[in-house]
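Q: My questions are about this predicted structure, shown below with the sequence.
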Amino acid sequence: NSITGLGHLFTDDGWSTRTLRWGVLHGLRGALGHPNQRTTFHNPNNAALFVDRGLVPEDEVIVTPGSGVDPEQFSYADEASVGDDGPLVMLATRLIWPKGIEGFVEAARHFQNNGTSAQFALVGDTDPENPASVAEEQVQAWSEAGLIDWWGYRPPAEMPRVLRQAHVVCLPSYYREGVPKVLIEAASTGRPIVTTDVPGCREIVDDGENGFLVPPQDPSALVDRLHTLLHAPLLRQKMGRKGRRRVEDTFTADRVATMIVNAYDDLQNAVS
């Protein structure tokens with residue numbers, strides 16, 4: 001079994017979601033209780049939640065460093081030259097509110113209002129099937145107001161080139177992430193990261209080393225850390241290099257694949 005992230009079901013606390021969550025957890029308790037299986041998680045917090053709720057035995061849990069990344073595909077590149085419009089801050093994600101879309105746009109508004117030269121790009125599409133989706137009309141309104149550039153959906157094969165255009169990658173999520181793949185990809189390409197100190201996001205960022213962690217839903221902290229990086233090109237480069245090394249040491253797809261294969265071998269030996 002693989003639990004990549006917990007998502008909307010664990011971030012929304014409305015009555016209908018709580019009812020659905022109770023039913024899902026009840027079903028998972030039965031589905032994950034068989035002794036001849038293993039369950040993988042992308043971060044230790046999600047694993048601990050499942051163990052604490054009695055959904056899966058602790059000795060059947062495996063925590064991988066996300067889903068990993070191919071460091072050759074997402075190769076390191078020095079940041080692009082900064083144009084007259086200033087450095088580019090990028091948020092690449094599904095456009096749902098818990099990913100911190102509003103905080104990102106408010107940061108863009110702050111820098112526009114105080115005359116700081118910076119560009120803010122949203123990369124991703126709306127998700128109408130998700131109850132927390134940002135309406136397309138809202139994103140277009142932000143774009144027309146000049147707060148952000150909306151690049152829309154970009155296929156996975158384009159993401160190395162897309163991320164290399166950024167000077168800072170931002171994900172102010174308060175979502176129950178696994179480990180956001182875009183943050184691993186950003187670190188692999190050598191981009192400093194500003195994200196929230198929440199399970200999943202904190203796995204890839206060593207605060208002050210390859211990026212900054214800020215409290216979730218804290219606009220002033222987000223603006224403060226972005227301001228630091230927008231005005232410090234040498235710090236961006238230093239953090240970018242450290243992020244690349246962090247990926248090479250821990251977050252490669254090969255390492256994750258080896259852990260999964262070892263889990264199958266372990267399970268086979270256990271039931272033989």
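A: That came in fine, so what should we check first?
Q: alpha carbons only for contacts and neighbour counts from here, please
A: Will do.
Q: what about the helices in the stretch 151-272 of the chain?
A: Remark: helices assigned in the stretch 151-272 of the chain by DSSP state H, counting those that start in this stretch are 159-164, 181-188, 201-204, 219-230, 233-250, 253-271.
Q: What is the end-to-end distance of stretch 206-223?
A: By C-alpha to C-alpha, to the nearest Å, the extent of stretch 206-223 from end to end equals 19 Å.
Q: How about stretch 75-82?
A: 20 Å.
Q: before we move on, back to that, ranking the helices of the stretch 151-272 of the chain by burial, who's on top?
A: Ranked by mean neighbour count, the helices of the stretch 151-272 of the chain are led by helix 181-188 with a mean of 27 (mean count of other C-alpha atoms under 10 Å).
Q: rewinding a little: which stretch among the helices of the stretch 151-272 of the chain comes nearest residue 20?
A: Of all the helices of the stretch 151-272 of the chain, helix 201-204 sits nearest to residue 20, with 25.5 Å by C-alpha to C-alpha.
Q: pLDDT on that closest one, on average?
A: For helix 201-204, mean pLDDT is 93.
Q: Between the helices of the stretch 151-272 of the chain, which one is closest to residue 28.
A: Per C-alpha to C-alpha, nearest to residue 28 of the helices of the stretch 151-272 of the chain: helix 253-271, 19.7 Å.
Q: And the contacts of that closest one?
A: 36-38, 62, 64-70 (C-alpha atoms under 8 Å, 6 or more residues apart in numbering).
Q: I'd like to know which of these are buried.
A: Buried subset of the contacts of helix 253-271 (neighbour count, 16 or more other C-alpha atoms under 10 Å): 37-38, 62, 64-70.
Q: ok, so of those, who is nearest residue 174?
A: Checking these one by one against residue 174 (C-alpha to C-alpha), the nearest turns out to be residue 66, at 17.3 Å.
Q: so how far is residue 176 from the closest one?
A: Residue 66 is 13 Å from residue 176, by C-alpha to C-alpha.
Q: What of residue 70?
A: Taking C-alpha to C-alpha, one finds residue 70 at 24 Å from residue 176.
Q: For the chain, give me the ranges with low pLDDT.
A: The chain contains residues with pLDDT under 70 at 5-18, 21-22, 24, 30-31, 272.
Q: Pick out the residue closest to the middle of it.
A: Note on the chain: the residue nearest the mean C-alpha position is residue 180, at 2.8 Å, using C-alpha atoms, centre = their mean.
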